[in-house]
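Asker: Dropping the sequence and predicted coords here.
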Amino acid sequence: MSMKVILDLDACQGYSCCLMEAASVFDLDDATGKALLLQPAPPAELRVQVENAARSCPARAIRVENG
């Protein structure tokens, strides 16, 4: 099943928990200090990592939807 990742940059506080959980999907923008979404529709095999990233975000800035 495909998924869609939504990153709310207004909510993001740059904790980088998402990067620690799913480094191939998220990065940190050096200019803003906020997360960057590298793969808005990552492959299904990354679902566990992406869901862990969403759960670990203290700012609740990440949503994972079925796509």
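Answerer: Done, it's in.

Asker: Who are the packing partners of the longest helix anywhere in the chain?
Answerer: If each helix of the chain is counted by residues according to DSSP state H, the longest one is helix 47-56. Packing contacts for helix 47-56, counted by 3 or more Cβ pairs under 8 Å, 6 or more residues apart in numbering; DSSP states H and E, involve strand 3-7, helix 17-21, strand 62-66. Glycine gets a C-beta too; all of them are placed from N, C-alpha and C.

Asker: helix or strand right after the second one?
Answerer: Per DSSP states H and E, helix 17-21 leads on to strand 26-28 as the next helix or strand towards the C-terminus.

Asker: Give me the mean pLDDT for that following strand.
Answerer: Strand 26-28 shows a mean pLDDT of 98.

Asker: chain center to that strand: distance?
Answerer: Its chain's average C-alpha position is 8 Å from that of strand 26-28, according to Cα atoms, centre = their mean, to the nearest Å.

Asker: before we move on, what about stretch 37-49?
Answerer: 8 Å.

Asker: Save the helices and strands packed on helix 47-56 as a markdown table, and put in mean pLDDT and mean neighbour count too.
Answerer: Putting these into a markdown table (pLDDT from 0 to 100; neighbours: other Cβ atoms under 10 Å) gives the following:
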| stretch | mean pLDDT | mean neighbour count |
| --- | --- | --- |
| strand 3-7 | 98 | 17 |
| helix 17-21 | 97 | 20 |
| strand 62-66 | 97 | 14 |
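
Asker: CA-only coordinates of stretch 42-61 in CSV, if you can.
Answerer: Provided in CSV are the C-alpha atoms of stretch 42-61 (Å, rounded to 0.1, in the frame of the first residue of the first chain):
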residue,chain,number,x,y,z
PRO,A,42,8.2,7.0,0.0
PRO,A,43,8.2,3.3,-1.0
ALA,A,44,6.1,0.9,1.2
GLU,A,45,9.2,-0.8,2.6
LEU,A,46,9.9,2.5,4.5
ARG,A,47,6.5,2.6,6.2
VAL,A,48,7.7,1.5,9.6
GLN,A,49,10.5,4.1,9.7
VAL,A,50,8.2,6.9,8.5
GLU,A,51,5.5,6.0,11.0
ASN,A,52,8.1,5.9,13.7
ALA,A,53,9.3,9.4,12.6
ALA,A,54,5.7,10.7,12.8
ARG,A,55,5.3,9.2,16.3
SER,A,56,8.6,10.5,17.5
CYS,A,57,8.0,14.1,16.4
PRO,A,58,7.4,16.2,19.6
ALA,A,59,5.8,19.0,17.5
ARG,A,60,3.4,16.5,15.8
ALA,A,61,4.4,18.0,12.5
